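*Asks:* sharing a sequence plus its predicted fold:
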Amino acid sequence: LLLHIPAIAHAAGLRVPTAEDWAEVNRAVPRLVSVLPNGPEYHPTVMVFLAGGVPEVMLHLRKLGLLDEQVLTVTGQTLGAVLDWWEASERRAGMRRYLLESEGIDPDTVIYTPERARAAGMMSTV
């Protein structure tokens, strides 16, 4: 992350993030994913996929107001529309249900809400 984001910004002709930018992100966004080796619950990484993966994390980032929902995705739809679809999708519900019923793992103990992450003391790891 610390290598690729600045390289992408440079290649795109955008301002390269400074140390202050990274510190601001660290203060604003708690770590939301609880997996090995960081915990606090030590789930294998595959459980993140079953708990909803990147789209699930993005739902939480959206609630924090950290995403530009008007950007277009590769689908031609806005990010907001894609996240709306994901939130209501049977695929999401089915994956989360499988994780709970077949693995006995509450998906919300793999991908935390920002409130729960802060309450658990999960600090950003950027």
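*Replies:* That came through fine. Every value quoted in this text rests on a predicted model; they were computed, and no experiment measured them.

*Asks:* pull the helix or strand with minimum mean pLDDT from this protein.
*Replies:* Least confident helix or strand, the chain: helix 19-28 with a mean of 86, by mean pLDDT, DSSP states H and E.

*Asks:* okay, buried residues for that one please.
*Replies:* Residues residue 22 are the ones in helix 19-28 that count as buried (16 or more other Cβ atoms under 10 Å). In short, each C-beta sits where N, CA and C put it, glycine included.

*Asks:* quick one: the strands in the protein?
*Replies:* Counting by DSSP state E, the chain forms no strands at all.

*Asks:* as a check, name the ranges of all helices in it.
*Replies:* All helices of the chain, identified by DSSP state H, fall at 4-11, 19-28, 46-50, 53-63, 79-88, 90-103, 114-119.

*Asks:* out of those, which is closest to residue 35?
*Replies:* helix 46-50 (6.0 Å; Cβ to Cβ).

*Asks:* give me the contact list for that closest one.
*Replies:* Residues outside helix 46-50 that contact it (Cβ atoms under 8 Å, 6 or more residues apart in numbering): 33, 35, 95, 96, 98, 99, 103, 105, 107, 110, 111.

*Asks:* then stretch 60-70?
*Replies:* 28, 29, 32, 58, 78, 79, 80, 83, 111, 112, 113, 114.

*Asks:* mean confidence (pLDDT) on that stretch, please.
*Replies:* Averaging pLDDT along stretch 60-70 gives 94.
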